[in-house]
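Engineer: could you work out the structure for the sequence below:
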Amino acid sequence: MRRQVLFATALLFACSARAEDWPVWRGPHHDCISRETDWINDWDSAGPPVAWRANVGTGLSSVSIAAGKLFTAGHRDGQDTIYCLEAQTGKLLWQHAYPAPLVDNLHEGGPAATPTVDGRHVYTLSKDGQLFCLAVDTGAIVWQQNIGTLADVAMPEWGFSCSPLVVGEKLIVDAGATLALDKHSGKLLWKTAKYLPGYGSPAPCTFDGALCVAVLNNDALIVVRCDDGALVASHPWSTDYLTSSTTPIVAGDTVFISTGYGRGCALLRRADQRFDVVYKNRNMANHMATCILWNDHLYGFDGNSHNARIVKLSCLDYATGEIRWSHRGLGCGSLAAAADGRLIVLSDDGQLVIVAADPAEYRELAWARVLEGRCWTVPVLAHGRIYCRNATGDLVCVDVRPGAAR
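Structural biologist: Predicted coordinates for the structure are as follows:
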């Protein structure tokens with residue numbers, strides 16, 4: 001397993017450092033690691049230059065970047081709105097609004113799914129299960145469905161939060177039952193058995209040479225074939241308060257899962273139609289932010305948002321589950337990474353912190369306050385700019401290109 005993970009990491013360095021799009025949840029490689037390396041964090045006490053600011057309404061949706069456009073979603077006055085902005089300037093290109101509930105149970109509410117861009121189409125999901133396929137250029141509706149109706153499940157307590165996943169000609173979404181739709185027409189192709197819905201998103205993977213998706217719901221980790229929805233393997237995993245909110249991390253024949261409220265984490269190895277437990281402990285309990293796997297180590301936030309002062313940014317050995325280091329002071333934040341071993345961390349109170357992805361120690365490289373208020377949304381690095389958002393919809397673009405004007 002370690003050899004496989006090291007090989008995957010080595011491929012990152014072989015990739016070009018040129019700028020790239022970030023069109024889907026967790027990025028184009030589905031690992032939340034940008035392949036960009038030509039960006040700076042040597043800003044002065046004033047922080048990096050702010051290219052633009054906007055407000056996109058209440059919500060936790062992250063941003064997707066494709067062909068010079070930025071896509072995100074927010075809620076205002078009883079409506080959700082899908083926004084398409086010019087990524088470099090923040091100029092509004094189009095918006096699509098529709099009635100939707102806020103679902104503000106214990107937080108600000110608003111849409112939590114990140115838009116998925118695939119060619120000429122963008123796919124979005126609301127808290128009450130409204131799934132839209134919109135034209136990238138105009139925002140016109142191509143088709144729409146309701147995943148709660150398709151899955152025959154009621155909206156969960158905190159609303160549907162799955163970021164849609166395109167695999168070939170299929171669109172995969174999770175609503176307790178995992179569903180595959182024709183991405184062009186919205187026709188339901190298959191659905192799995194029903195489980196208690198979770199709040200994470202499916203992760204693409206390959207088992208036995210077949211394209212699959214791994215999904216963590218509130219009953220189990222399941223892996224199903226994309227071709228027909230057949231169950232490949234499963235492992236029971238329930239949580240207090242029914243709050244599985246993370247995306248599984250797949251490396252070779254192993255899958256890492258983590259949930260909050262003390263449930264902790266597990267590394268599982270596929271064995272026939274089940275998973276064997278490599279380890280299970282409480283060293284990494286991700287409430288909402290999925291870990292980053294980098295160079296055989298996991299980096300993530302351990303702890304719950306309800307007691308954010310004791311949440312730790314931690315480094316965990318992927319193979320053994322042992323803690324390498326932990327650091328408090330960033331609250332229950334979120335993070336991404338770059339292919340040169342830098343973590344891009346957004347604290348839960350709006351600090352943008354660049355940290356070395358070094359298992360030997362916590363080493364802070366740069367710091368700047370970029371937002372106020374609650375920040376649970378994953379920051380995105382694309383084309384030399386970092387995009388950060390808070391729960392009330394303040395969206396900031398900071399310019400980290402070499403030589404950017406200050």
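
Engineer: low-confidence regions, the stretch 1-150 of the chain specifically.
Structural biologist: Across the stretch 1-150 of the chain, the ranges flagged by pLDDT under 70 are 1-17.

Engineer: would you list every one of the helices in it?
Structural biologist: 2-14, 147-151 (DSSP state H, counting those that start in this stretch).

Engineer: Three-state assignment for residue 308, please.
Structural biologist: helix (DSSP: H, G, I helix; E, B strand; the rest coil).

Engineer: tell me who's in contact with it.
Structural biologist: Contacts here follow C-beta atoms under 8 Å, 6 or more residues apart in numbering; on that basis residue 308 touches 331-332, 348. C-betas here are computed from N, CA, C, even on glycine.

Engineer: just checking, residue 250 touches residue 211?
Structural biologist: No: the criterion here is C-beta atoms under 8 Å, and residue 250 misses it with residue 211 at 12.0 Å.

Engineer: any residues in contact with both of those two?
Structural biologist: By C-beta under 8 Å, 6+ apart, the residues touching both residue 250 and residue 211 are residue 205.

Engineer: when these two are compared, which one has more neighbours?
Structural biologist: Ranked by neighbour count (other C-beta atoms under 10 Å), residue 250 and residue 211 place residue 250 first, with 22 against 14.

Engineer: for the more buried one, give its distance to residue 39.
Structural biologist: Distance from residue 250 to residue 39, counting by C-beta to C-beta, to the nearest Å: 27 Å.

Engineer: kindly report the same for residue 360.
Structural biologist: On the measure of C-beta to C-beta, residue 360 and residue 39 end up 23 Å apart.

Engineer: next: residue 185.
Structural biologist: Distance from residue 185 to residue 39, by C-beta to C-beta: 40 Å.

Engineer: which of the contacts of residue 308 are buried?
Structural biologist: The neighbour-count test (16 or more other C-beta atoms under 10 Å) applied to those identifies 331-332, 348 as buried.

Engineer: which of these lies closest to residue 232?
Structural biologist: residue 332 (32.7 Å; C-beta to C-beta).

Engineer: mind checking what secondary structure that closest one has?
Structural biologist: Residue 332 ends up coil, using three-state DSSP.

Engineer: you'd agree it is up against residue 303?
Structural biologist: Yes: Residue 332 lies in contact with residue 303 (C-beta under 8 Å); the separation is 6.4 Å.

Engineer: who touches both of these two?
Structural biologist: By the contact definition C-beta under 8 Å, 6+ apart, residue 332 and residue 303 are jointly contacted by 287, 311.

Engineer: can you list the buried ones among the contacts of residue 308 in JSON lines and add distance to residue 153 and pLDDT?
Structural biologist: Below are the buried ones among the contacts of residue 308 laid out as JSON lines (distance: C-beta to C-beta, whole Å; pLDDT from 0 to 100):
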{"residue": "331", "distance to residue 153": "32", "pLDDT": "96"}
{"residue": "332", "distance to residue 153": "28", "pLDDT": "96"}
{"residue": "348", "distance to residue 153": "30", "pLDDT": "96"}
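
Engineer: between the residues you listed, which is nearest residue 234?
Structural biologist: residue 332 (28.9 Å).

Engineer: gap between that closest one and residue 314?
Structural biologist: From residue 332 to residue 314 the distance is 12 Å (C-beta to C-beta).

Engineer: with residue 399 instead?
Structural biologist: From residue 399 over to residue 314 (counting by C-beta to C-beta), the distance is 30 Å.

Engineer: how about residue 367?
Structural biologist: Taking C-beta to C-beta, one finds residue 367 at 19 Å from residue 314.

Engineer: who's more crowded, those two?
Structural biologist: Between residue 367 and residue 314, residue 314 has the larger neighbour count (other C-beta under 10 Å), namely 23 against 16.

Engineer: quick check: which element contains the more buried one?
Structural biologist: strand 312-317 (DSSP states H and E).

Engineer: who's in contact with that strand?
Structural biologist: Contacts of strand 312-317 (C-beta under 8 Å, 6+ apart): 265, 283-284, 291, 296-303, 322-328, 330, 333, 335, 345, 355, 359, 362.

Engineer: which of these count as buried?
Structural biologist: 265, 283-284, 291, 296-303, 324-327, 330, 333, 335, 345, 355, 359, 362.

Engineer: filter these down to the ones in strands?
Structural biologist: 265, 297-302, 324-327, 335, 345, 355 (DSSP state E).

Engineer: may I ask which two of those residues are separated the most?
Structural biologist: 265 and 355 (20.1 Å).

Engineer: C-alpha coordinates for stretch 108-123, PDB please?
Structural biologist: The C-alpha trace of stretch 108-123 is given here as PDB (Å, rounded to 0.1, in the frame of the first residue of the first chain):
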ATOM      1  CA  GLU A 108     -26.500  29.700   8.700                       C
ATOM      2  CA  GLY A 109     -28.000  27.200   6.200                       C
ATOM      3  CA  GLY A 110     -28.100  27.600   2.400                       C
ATOM      4  CA  PRO A 111     -26.800  25.200  -0.300                       C
ATOM      5  CA  ALA A 112     -23.800  23.000   0.700                       C
ATOM      6  CA  ALA A 113     -23.200  21.200  -2.600                       C
ATOM      7  CA  THR A 114     -20.500  22.500  -4.900                       C
ATOM      8  CA  PRO A 115     -21.400  22.900  -8.600                       C
ATOM      9  CA  THR A 116     -19.900  20.400 -11.000                       C
ATOM     10  CA  VAL A 117     -18.800  21.600 -14.400                       C
ATOM     11  CA  ASP A 118     -18.600  19.100 -17.300                       C
ATOM     12  CA  GLY A 119     -18.100  20.600 -20.700                       C
ATOM     13  CA  ARG A 120     -21.100  22.700 -21.700                       C
ATOM     14  CA  HIS A 121     -23.100  21.800 -18.600                       C
ATOM     15  CA  VAL A 122     -23.000  22.600 -14.800                       C
ATOM     16  CA  TYR A 123     -24.800  20.400 -12.300                       C
END
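
Engineer: I'm done for today, thanks for sticking with me.
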